[in-house]
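*Asks:* Below are the sequence and a predicted model; questions follow.
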Amino acid sequence: MKRRDFLAVVPASVLLSQVGIAKPVPTKKGVMMMNRIAPSVSELYVAGLDGTGERKVLAESAYDYNVRLSRDGARMVFTSERLGDGNSSLFVAKGDGTGIRTVAGGSSVDDAAAISPDGKTLAFVSTRNGYKANVWVMDIASGKIRQLTGIGEVKGDPDSPDCYFRPAWSPDGKWIAFSSDTNTSWRGHDENRGWEHTQELSIYKIRPDGTGFAKVSSRKNWCQGSPSWSPDGKRIVFYELTTEATWGARRPEWIGRVDSQIVSVEVETGARIEHTRGGNLKVSPQYVTQDEIGYVIKGGPDEGIAYTSGRPGFKRKGLRSPQWTADGQSVIYEVQEFRPVRPLDKPLYSWDADYDYRFMDVFPILSNQGMLAFTEKQTGTSSIVTCKPDGSQRRVVFDNTKSGLNPQMVQKGLAGAFQPCWSPDGEWLAFGVGTWFAERSYAKAVVVRVRKDGSDLEVLTDGTLHSGFPSFSHDGKELVFRVWGQSEERGLRVMNLETKQVRVLTDKLDNLPGWSPDGQRLVFTRKVDDKDYQVCTIKPDGSDYRELTTSKASDGHAVWSPDGRIMWSGSEHGFRDEAALYDNTFQQYGQIYVMDADGANKRLLTDSKWEDSMPLYIDKSLI
């Protein structure tokens, strides 16, 4: 692609809509903007087995999910984010949906609770005590809790996945079954070439007092999830798909191409029965009767409820996490949606006493002059937008709908104008335009720059190498970016903006470079040993390379804070739920971390079950 062949873009236009950033509480230092990939709506419903008579469950509906009933139907427990977007807390209500009260409402993820057969105890998943997902039990009357997994002998290799999900009580209340990835391996999708992780799960059981931990079912390189007991307590049913398929199970472009089956095993002998065959992604099974199992078809034209007996189910887009009532007459479930999208500046739950958290679209960056720029990805355009932090002077400086990119790829978030960066004087914006992620192996992308008003578009690279993710030097004379050549040419490049000469900074699998505020170092992501992604820094002359993270999980998407610290998205603390149950996500459990520029003082800035990334601190003086 020659520079002169790049499609012309119409002059920038000012949008009529305005988005203002709410002022932080006076005692706080400012606002942290961040992106979150999660449904924007989730509500609880109940219906007949064929979907008739559907109605909302709760008297006061909010962002609610993962509902479970007591055996007598007199009480329900569910997860809700009514205490703050991203804060998964547990609530109970009466069977008629009234009398809602909090039973676990701290800053940790508390999720996927189930009520014991006698109605006295909750088994649930929590990230308390170390930020990893573990199974806990709670005495409902007293509120006393006890950790069952992740401690003592029920603990895996700390450098490997070691989390525990979806607890389910046996009918006699003597056992809790759950899925776990303990002692498996961190592995990227596409045979470990991808950044995002796949998940291998096995089925385990444990007594409510923490004894008797044992494996019930396992297959190497397979994922077995969401266990549920048969009414006689002799069998456990679960869904099963390959480990590699847990990537496609959460990606919209793979829906319809990923299959799973509903399988049960005899608890004592391990004898298997495969209850389904053929296509469709089938998850969340449960015995309706001793001889009939209901489950969810996730995604595709048949999305909704189905039954192994051949009984007619029903279609319902976004239906997830069902539970059939003990009398076999009804099914209760959540319905989730990603539209309407989260509005920019929506308050999020804050895990930092010094900052209010707010939702922002992707790749936000603030100029030295206090102007905000970001990629408007969630609207489906992936254009470059600027505005003041108070929302005024909003402008589309690069209209990606007129870039000539494949509109279907843009709509999927796989193409667009990504990662804007400001020149130090605030007069220029540079960014990449093209098709991204795995498609880089065959698609094109170039680095461009425009003036702050959208004029004087200049294409800086010729398209010979897939180029993107730029960052200006401290003096504005150079631009660093990453390249991905089809001839295996990789790494970071630095362009002199006056001469357009390009020098090689690195030749490894490096990405997402960013110049430090003082101009002394560059932060970036490197794939180390062809397996692990680490956050690294280097001097602009290529010397003093340092790896700041060492986890075998994926770390990357690092950015600088105004005070010279490094924030990044990390996976060290593992999955927060079964990967195949998520929708429209990449690294569905990534959390935001912060550390000093030398890698010291690492700590989490978020603790949600969703994919959190792309943070930006804005001082209260600018808002």
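*Replies:* Everything's here; your move.
*Asks:* tell me the contacts of residue 110?
*Replies:* 79, 88, 89, 90, 104, 124, 125, 126, 128 (Cβ atoms under 8 Å, 6 or more residues apart in numbering). The way it works is simple: take the backbone N, C-alpha and C, and place the C-beta from them, glycine included.
*Asks:* out of the residues you listed, which are inside helices?
*Replies:* In helices, defined here by DSSP state H, there are no members of the contacts of residue 110.
*Asks:* Make TSV out of those and add neighbour count, distance to residue 410 and pLDDT.
*Replies:* Converted to TSV, those look like this (neighbours: other Cβ atoms under 10 Å; distance: Cβ to Cβ, whole Å; pLDDT from 0 to 100):
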residue	neighbour count	distance to residue 410	pLDDT
79	26	33	98
88	29	32	98
89	22	36	98
90	23	39	98
104	24	41	96
124	26	40	98
125	29	36	98
126	26	39	98
128	17	41	97
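*Asks:* Among the residues you listed, name the ones in strands.
*Replies:* The strands, defined by DSSP state E, take in 79, 89, 90, 104, 124, 125, 126 from the contacts of residue 110.
*Asks:* Closest one of these to residue 465?
*Replies:* Within these, proximity to residue 465 (Cβ to Cβ) peaks at residue 125, which comes in at 44.6 Å.
*Asks:* Quick check: residue 522 vs residue 373, distance?
*Replies:* Going from residue 522 to residue 373 by Cβ to Cβ, to the nearest Å gives 20 Å.
*Asks:* Please read the previous query as pertaining to residue 140.
*Replies:* From residue 140 to residue 373 the distance is 50 Å (Cβ to Cβ).
*Asks:* Compare the two (neighbour count), which wins?
*Replies:* Each of residue 140 and residue 373 has its neighbours counted (other Cβ atoms under 10 Å); residue 373 has more, 23 against 17.
*Asks:* Tell me the bridge partners for the more buried one.
*Replies:* residue 365, residue 386 (DSSP bridges).
*Asks:* I'd say it and residue 388 touch.
*Replies:* No. Taking contacts as Cβ atoms under 8 Å, residue 373 lies outside contact range of residue 388: 11.0 Å.
*Asks:* neighbouring contacts of the helix or strand hosting residue 76?
*Replies:* Element membership for residue 76 (DSSP states H and E) is strand 75-80. Applying Cβ under 8 Å, 6+ apart, the contact partners of strand 75-80 are 44, 57-58, 62-70, 88-95, 97, 103, 110-115, 119, 122, 124, 332.
*Asks:* Would you state the helices of the protein in chain order?
*Replies:* With helices called from DSSP H, the chain shows them at 189-192, 245-248, 407-411.
*Asks:* most packed of those?
*Replies:* Per-stretch averages of neighbours, counted by mean count of other Cβ atoms under 10 Å, single out helix 245-248 among these, with a mean of 24.
*Asks:* picking that back up, between which two of the ones in strands among the contacts of residue 110 is the distance greatest?
*Replies:* 89 and 125 (12.3 Å).
*Asks:* Derive a ChimeraX selection command for the buried subset of the contacts of strand 75-80.
*Replies:* Those of the contacts of strand 75-80 that count as buried under 16 or more other Cβ atoms under 10 Å are selected in ChimeraX with:
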select :44,57,58,63,64,65,66,67,68,69,70,88,89,90,91,92,93,97,103,110,111,112,113,114,115,122,124,332
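*Asks:* Out of the contacts of strand 75-80, name the ones that lie in strands.
*Replies:* 44, 64-69, 89-94, 103, 110-115, 122, 124, 332.
*Asks:* pLDDT weak spots in the chain?
*Replies:* 1-22 (pLDDT under 70).
*Asks:* Against the centre of it, work out the most remote residue.
*Replies:* residue 499 (41.2 Å; Cα atoms, centre = their mean).
*Asks:* Could you check how far it is from residue 299?
*Replies:* 51 Å.
*Asks:* what's the answer for residue 124, then?
*Replies:* Applying Cβ to Cβ to residue 124 and residue 299 gives a distance of 27 Å.
*Asks:* again, but for residue 261
*Replies:* The gap separating residue 261 from residue 299 is 16 Å, by Cβ to Cβ.
*Asks:* In contact with residue 368, which residues?
*Replies:* 422, 424, 425, 426.
*Asks:* Contacts for stretch 301-318, please.
*Replies:* With Cβ under 8 Å, 6+ apart as the criterion, stretch 301-318 contacts 39, 47, 49-52, 262, 275-276, 280, 282, 288, 291-297, 319, 322, 331, 333, 335-337.
*Asks:* buried subset of those residues?
*Replies:* In the contacts of stretch 301-318, burial by neighbour count holds for 39, 47, 49, 51, 262, 275-276, 280, 282, 288, 292-297, 319, 322, 331, 333, 335-336, counting by 16+ other Cβ under 10 Å.
*Asks:* hmm, back to that, of the contacts of residue 368, buried ones?
*Replies:* For the contacts of residue 368, a burial check counting by 16+ other Cβ under 10 Å picks out 422, 424.
*Asks:* Would you check which pair of the contacts of residue 368 lies furthest apart?
*Replies:* Among those, 422 and 425 lie farthest apart (Cβ to Cβ), at 8.7 Å.
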